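1. with the input below, show me the fold.
(one chain, ligands or ions: 2)
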Amino acid sequence: MTDLVLEITPGIPIPSFMTGEVQSKLAYVDEQIVSAKVAPDGSQIIIYLKPTAVEDDQARIIARVQDVVALMVKGVIQPKVQILEDYQDRPVPSKVDPMQELLDKGEVSMEGRGIYTLGPLVTRLIDYFEKCFVELADFFSAVPYRFPTLISAKYLDRVNYFRAFPHSLSFVTHLREDLDNIDHFAQSTHWEGDGLNANPDSFSRIENLISPAVCYHWYFALADQKLKSDHLVATAVGTCFRYESSNLTTLERLWNFTMREIIFIGHGDYVLEQREIGRQRMTKILEEFGLAYRVESANDPFFVGEFRKQAAFQSAFQLKYEIRASLPFSGKTLAVGSYNYHQDFFGRNLNINLPDGSPIHTGCIAFGLERLAYAFLSQYGLDIKQWPAAVREGMQ
Ligand code: ATP
Ligand code: ZN
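-> Ligands and ions are numbered 1, 2, ... in the order given. Next comes the predicted model:
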């Protein structure tokens, strides 16, 4: 057994605007990989392997890494990043990563990779953010929904989710209904260091997953219907699950997180107009939060084979904008929310039509609640006296 570090020169140089995208996908290339780093100038890739990796694994991993680079980078065109708002210069008092202090104070405790319990201070802060988002939803007369945590594989298939985001899926299974099987599981199953020792054959086929997003549930509920109204607005908060492999770190990137969404259905011009009104109202709300951030065009984290085409499409049609909060301790930014327009994608794939027979267009405004709290605490620290007055007062 060896402890290996691979240094790979990519066959095609990785342009600097793609280094983050490629790096995040390298985590999924091989089970022997612990983590992967792409140099900021894209000239080199460093792969850290598990101590169990043997030398024979190297050639396979190098070939796969080169394949990923080729698929994602070859012929890629740098998207024009459109910046709609820039408040990154907003003065904030803290420059420290709050994670250690949150852990020390019991405000955050880690149950497993990407799974955290949040304590009273963070919970109250999130409740305050939620109050503001629900007020925004009320402005749109959004009707409230409660969506399930499980999501149907049948519907995810209808919207091509397995092709676009296979790497981040989390599956639900149960023991096959077979007395011997269940008895054997009950007698012999134990935690084995990194998982259960159960035989994979004892589990059922996959019928459901745990949900990766909120708005999908509303579209699934409306599948194969002709709507009675030309526009609808809903809001919901829900737990979402995205497996982020070795990219799971601090509260920045979770396996289990919470999203609040305001969701619009109607004709394309209606959805785009509501998304824009939402963005403008959010500018005032984010000012009250005192958040240093910018809003810029973005793309979803499509998997390797789908990335180039889909990301270019999203960028060309300005389908996604992200609210990227500054993290002063690292000089980087973190997406805490997004303004999305899906055109008639869900309308066509799920056969949902407006009263005039045309497929619905959809859009959503989505906030990642844990990330927003983490970005806020990175900028303001844990001492509430340092926080903006509107946040302190709003939390009471
Ligand atoms: P779309 O409508 O395009 O499918 P969406 O509604 O799924 O988008 P995203 O933009 O994918 O929304 O995610 C919304 C927000 O959820 C992100 O801006 C981020 O704050 C949060 N988020 C996403 N992934 C994670 C994660 N792994 N950990 C924590 N928060 C996350
Ligand atoms: Zn959404």
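
2. could you pull up phi and psi at the residue of the chain found nearest ligand 1?
-> Here the chain gets closest to ligand 1 at one residue, residue 368, 2.2 Å apart by Cβ to the nearest ligand atom. To be clear about C-beta, it is placed using only N, CA and C from the backbone, and glycine gets the same treatment. For residue 368, the backbone dihedrals (degrees, to the nearest 10) come out as phi -90, psi 110.

3. that one and residue 324 touch, don't they?
-> No - Residue 368 lies out of contact with residue 324 (Cβ atoms under 8 Å); the separation is 11.6 Å.

4. what do those two both touch?
-> Counting by Cβ atoms under 8 Å, 6 or more residues apart in numbering, the contacts common to residue 368 and residue 324 are 335, 336.

5. hmm, back to that, show me what contacts the residue of the chain closest to ligand 1?
-> By Cβ under 8 Å, 6+ apart, the contact set of residue 368 is 257, 258, 259, 335, 336, 337.

6. cool, and residue 242?
-> Residues in contact with residue 242 (Cβ under 8 Å, 6+ apart) are 165, 168, 170, 212, 254, 255, 257.

7. next one: residue 172
-> Residue 172 sits next to 150, 206, 207, 208, 209, 210 when contact means Cβ under 8 Å, 6+ apart.

8. farthest-separated two in the residues you listed?
-> Pairwise distances across the contacts of residue 172 (Cβ to Cβ) peak at 12.3 Å, for the pair 207 and 210.

9. and these two? Which one has more around it.
-> More crowded of residue 207 and residue 210, by other Cβ atoms under 10 Å: residue 210, with 19 against 13.

10. report whether the helix or strand of the chain with the lowest mean pLDDT contacts ligand 1.
-> Using mean pLDDT, DSSP states H and E, helix 304-316 stands out as the lowest-scoring helix or strand of the chain, at a mean of 86. No - using Cβ under 6 Å from any ligand atom, we find that helix 304-316 stays clear of ligand 1, coming within 8.3 Å at best.

11. helices and strands around that helix, which ones?
-> Using 3 or more Cβ pairs under 8 Å, 6 or more residues apart in numbering; DSSP states H and E, the elements in contact with helix 304-316 are helix 19-26, helix 56-73, helix 161-164.

12. which element follows the shortest one toward the C-terminus?
-> Right, helix 161-164. strand 171-172 (DSSP states H and E).

13. in the helix or strand following that following strand, what's buried?
-> Where DSSP H and E defines the elements, the next helix or strand beyond strand 171-172 is helix 179-188. Applying a neighbour-count criterion of 16 or more other Cβ atoms under 10 Å, one finds residue 185 buried in helix 179-188.

14. going along the chain, name the helices of the stretch 201-350 of the chain.
-> Taking DSSP state H, counting those that start in this stretch as the test, the helices found in the stretch 201-350 of the chain are 215-221, 268-289, 304-316, 345-349.

15. wait, which of these is closest to residue 373?
-> helix 268-289 (10.5 Å).

16. show me what the closest one is packed against.
-> Under the contact rule (3+ Cβ pairs under 8 Å, 6+ apart), helix 268-289 is packed against helix 120-139, strand 256-266, strand 320-327, strand 332-341, strand 361-368, helix 389-394.

17. now those in a markdown table, with mean pLDDT?
-> Below are the helices and strands packed on helix 268-289 laid out as a markdown table (pLDDT from 0 to 100):
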| stretch | mean pLDDT |
| --- | --- |
| helix 120-139 | 98 |
| strand 256-266 | 98 |
| strand 320-327 | 98 |
| strand 332-341 | 97 |
| strand 361-368 | 98 |
| helix 389-394 | 97 |
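
18. list the single closest residue to residue 129 in space, sequence neighbours excluded.
-> What sits nearest to residue 129 in space, not counting adjacent residues and going by Cβ to Cβ, 6 or more residues apart in numbering, is residue 372, at 5.7 Å.
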